[in-house]
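>>> Let me see the structure of the following:
(chains A and B)
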Amino acid sequence: MKLTSLTLAAALIGGAALAGEVAPKDVQYDESGAVAASLTGGAGDAINGAMLAGTKSKGNCVACHAITALADVPFHGEVGPSLDGAGERWSEAELRGLLTDAKMTFDGTVMPAFYKVDGFTRPGNAYTGKAAEEALTPILSAQEIEDVIAFLATLKEE
Amino acid sequence: MGKTLTAITLAAVAFGSVASADETAELVVNGDLNMVTRTAAPAHLSDVLDEINSGWLYRKDETQSLQTDDFDNPGMIFVDLAQDEWDTVEGTEDKSCASCHDDVEDSMKGVRAVYPKWNETAGEVRTLAMQINDCRVNQMGADKWKYTGGDMAGMEALISVQSRGMPVDVAIDGPAQSTWEEGKEMYYTRTGQLDLSCANCHEENYGNMIRADHLSQGQINGFPTYRLKNAKLNTSHARFKGCVRDTRAETYKPGSSEFVALELYVASRGNGLSVEAPAVRN
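Numbering: from 1, shown residues only, chains lettered A, B, ... in the order given. Predicted coordinates:
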């Protein structure tokens, strides 16, 4: 249900922020890279967030991070630290900042910005290798970012 | 921090089990050809790497072993086909490669190890593929081969085999230097919506798993490589294209001046490793 409505919404609005949402260019970072306000104004759905974190075409967080809670998803990467306990180490605002643009927290990190649409070199049309013809859409939508945050908040050490 | 580390280790044991590659193995081909798969980094890399490693080290045992015997190496089939091609007369001049270069084993020994290379007459850095097409067009009066196509990859493999075991030794100074600098700039430039450079994956993260892939240093001493995934020889420019595409970027074209520069730079990062082509990859 949830998935269908998200997909539909994305198709309808062509990636532009929905009314009431914070657009990628309007995200406000504090000096440590955290983002206080929810991008949607509401809370996220942790179950959907878990799905997004483990899905290749979505967050694909497991490409770089091991997450014990997603042990049923095969092949977790080692490029970033394990996310076990991330919900204890980081506040919701800090997690939001890490997701929208991790470079605001960790200067020069290899972690991609999931809610950013400009400032790239040779931006492509997704994974086609062709030039992007239209304005880029963020890799995750505002709602999806909030969903992943809700999932990460559930990750406690042991 | 200690806690995080433990969690990583545990997690790696639990689901990182794909990393069964033996990074300490020795590569000996056909029982007597000893390959240098790890050696001191060339001087120009000394501020970023101590050691350079062949991509062979990062492959699983089964894939590694396919490269130890030419009868098991599926890439050798394409080398045999290219040998026929070498002797085939084509084009308006009624010539084959052999008409001018005679026995490939003698004339092409050591050639692959120094390519890409500055060509004084043309005033440009040439890759093997560019030189092959130059001979086809200007010496034979034949059609160009597609830069990343099967004929080209096969011929590159045949020529490379004549240098197998010799150290990669491309020149980066003199007239090639500006091209090399351009390639270096590209290597460190982050591209695409994922904003990643070659260095982010192959210099900062080699040895780490990225999803199901064990990251190597992205060396090209084994190119063209036979990949089990697509059951053919793959050229370095096709690989570069795939890696750039995976950053959600607009790629460069195989054979473009940009990829030629990148090839020269990446080849130079492998100066000292043995020419391994055709290597076997998953």
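>>> beta partners of B:His214?
When bridges are called by DSSP bridges, B:His214 pairs up with B:Met209.
>>> where are the low-confidence patches of the chain?
Here I'm looking at chain A. A:1-17, A:158 (pLDDT under 70).
>>> that's the wrong chain, I wanted chain B
B:1-21.
>>> middle-most residue in it, spatially?
Nearest to the mean C-alpha position of chain B, by CA atoms, centre = their mean, lies B:Ile220 at 2.3 Å.
>>> Please tell me I have it right and that residue contacts B:Asn271.
No: applying CB atoms under 8 Å, one finds B:Ile220 not in contact with B:Asn271, separated by 11.4 Å. Every residue, glycine included, has its C-beta placed from N, CA and C.
>>> Leaving out sequence neighbours, find the closest residue to B:Glu93.
B:Gly141 (4.5 Å; CB to CB, 6 or more residues apart in numbering or on different chains).
>>> Surely the residue nearest to the centre of chain B is in a helix?
No: using DSSP: H, G, I helix; E, B strand; the rest coil, the assignment for B:Ile220 is coil, not a helix.
>>> Near chain B, which residues of chain A are found?
A:56, A:60, A:62-64, A:66-68, A:71, A:74-79, A:81-82, A:84-85, A:110, A:112-113, A:116, A:120-132, A:136, A:139, A:157 (CB under 8 Å from any CB of the partner chain).
>>> Let's see the ChimeraX selection covering just the buried ones among those.
In ChimeraX syntax, the buried subset of the residues of chain A next to chain B is picked out as below (16 or more other CB atoms under 10 Å in any protein chain shown):
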select /A:60,62,63,64,66,67,68,75,76,77,78,79,81,82,84,85,110,112,113,116,120,122,123,124,125,129,132,136,139
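>>> in the stretch 151-282 of chain B, which spans are strands?
B:209-210, B:213-214, B:225-227, B:232-234, B:280-281 (DSSP state E, counting those that start in this stretch).
>>> can I get those strands in CSV with distance to B:Glu85 and mean neighbour count?
Output for these, formatted as CSV (distance: least, CB to CB, whole Å; neighbours: other CB atoms under 10 Å in any protein chain shown):
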stretch, distance to B:Glu85, mean neighbour count
strand B:209-210, 37, 21
strand B:213-214, 33, 18
strand B:225-227, 17, 24
strand B:232-234, 13, 23
strand B:280-281, 22, 23
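>>> Of these, which is nearest B:Asp22?
Minimum separation from B:Asp22 across the strands of the stretch 151-282 of chain B (CB to CB) falls at strand B:213-214, 11.3 Å.
>>> any idea how far stretch B:220-239 is from the chain center?
Distance of stretch B:220-239 from the chain centroid (CA atoms, centre = their mean, to the nearest Å) equals 7 Å.
>>> Same check on stretch A:130-141?
15 Å.
>>> quick one: terminal-to-terminal distance for it?
Stretch A:130-141 has an end-to-end distance of 22 Å (criterion: CA to CA, to the nearest Å).
>>> Assign the residue of chain A found nearest chain B to helix, strand or coil.
Scanning chain A for the residue nearest chain B gives A:Ala66, at 3.2 Å (criterion: CB to the nearest CB). At A:Ala66, secondary structure determined by three-state DSSP is coil.
>>> Please tell me how far it sits from A:Ala86.
11 Å (CB to CB, to the nearest Å).
>>> Next, the buried residues of stretch B:242-259.
B:243-252, B:254-255, B:258-259.
>>> How many residues are close by B:Ala25?
15 (other CB atoms under 10 Å in any protein chain shown).
>>> Ramachandran coordinates for the nearest residue to it once chain neighbours are set aside?
Nearest non-adjacent residue to B:Ala25, counting by CB to CB, 6+ apart: B:Gln64, 6.1 Å away. Note on B:Gln64: backbone dihedrals following degrees, to the nearest 10 are phi -60, psi -50.
>>> how about B:Gln64, what does it touch?
B:21-22, B:25, B:27, B:56 (CB atoms under 8 Å, 6 or more residues apart in numbering or on different chains).
>>> same check, this time on B:Leu158
Neighbours of B:Leu158 in contact, by CB under 8 Å, 6+ apart: B:79, B:82-83, B:85-86, B:104, B:108.
>>> and if we set it to 7 Å?
B:79, B:82-83, B:86, B:104 (CB atoms under 7 Å, 6 or more residues apart in numbering or on different chains).
>>> Among those residues, name the ones in helices.
B:79, B:82-83, B:86, B:104 (DSSP state H).
>>> Around chain A, which positions in the stretch 51-200 of chain B sit nearby?
B:189-196, B:200 (CB under 7 Å from any CB of the partner chain).
>>> Now, of those, which are buried?
If we count by 16+ other CB under 10 Å, these have these buried: B:190-196, B:200.
>>> ok, back up a step: out of the contacts of B:Gln64, what pair is the most spread apart?
B:Ala21 and B:Leu27 (12.4 Å).
>>> More neighbours: which of those two?
B:Leu27 (21 against 18).
>>> what sits up against stretch B:110-129?
In contact with stretch B:110-129 (CB under 7 Å, 6+ apart) are residues B:147, B:152, B:156, B:159-160, B:162-163, B:166-171, B:174-176, B:179, B:255, B:260, B:263-264, B:267, B:275, B:277.
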